[in-house]
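K.L.:
take this sequence and fold it.
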Amino acid sequence: MCLEPSWSRSRILLSQILSTLTQRGTIVHVATRPDKHNRSFIEALLLKTDGVNCHVHSTDELHSKGILGDGYYLAGSMNFTYNGITVNEEALTYDTSPEVIAEQQLIFGSRWGVV
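P.N.:
Take a look at the predicted model:
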């Protein structure tokens, strides 16, 4: 595994990935709905990160999905769940153009207070 070589070839949870990124100095913002089924993920993430470099935003209206990094934007209809990744027919776009990334940074900043 490139992110964490000590991980074995097994199921790796999104909360593990995000907490490892925060431990390496990445500031992570997670936006989600306050649904009951999201609560265990958020609790696990906050426990693993101690809230350091990890910010959770919650809103009832959220439906879009995306991951924005310094050099990429991944967006689409896929839920970040087992079914969303392995079962359902979903659509994703991956963009590395500086213009799209800058536009999404403005949108994320306006919506979530992310700089």
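K.L.:
contacts and neighbour counts: CA atoms only from here.
P.N.:
Fine.
K.L.:
I'd like the next helix or strand past the host helix or strand of Gly84.
P.N.:
Element membership for Gly84 (DSSP states H and E) is helix 82-86. Later in the chain than helix 82-86, the nearest helix or strand by DSSP H and E is strand 92-95.
K.L.:
got the contact list for that following strand?
P.N.:
Outside strand 92-95, the residues that touch it by CA atoms under 8 Å, 6 or more residues apart in numbering are Tyr72, Tyr73, Leu74, Ala75, Gly76, Ser77, Met78, Ile101.
K.L.:
enumerate every residue touching the fifth one.
P.N.:
For Gly76, the contacting residues are Ser64, Lys65, Gly66, Glu90, Ala91, Leu92, Thr93, by CA under 8 Å, 6+ apart.
K.L.:
select only the buried ones of these in ChimeraX?
P.N.:
Here is the ChimeraX selection string for the buried members of these, based on 16 or more other CA atoms under 10 Å:
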select :66
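K.L.:
closest to Ser40 out of the contacts of Gly76?
P.N.:
The closest of these to Ser40 turns out to be Lys65 (CA to CA; 18.8 Å).
K.L.:
now the least confident helix or strand in the chain by mean pLDDT - C-alpha only, PDB.
P.N.:
When the helices and strands of the chain are scored by mean pLDDT, DSSP states H and E, helix 82-86 comes last with a mean of 76. Output in PDB follows, covering the C-alpha atoms of helix 82-86 (Å, rounded to 0.1, in the frame of the first residue of the first chain):
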ATOM      1  CA  TYR A  82     -19.400  -0.800  -0.300                       C
ATOM      2  CA  ASN A  83     -22.400  -0.800  -2.600                       C
ATOM      3  CA  GLY A  84     -21.500   2.500  -4.100                       C
ATOM      4  CA  ILE A  85     -18.000   1.300  -5.000                       C
ATOM      5  CA  THR A  86     -18.600  -2.300  -5.900                       C
END
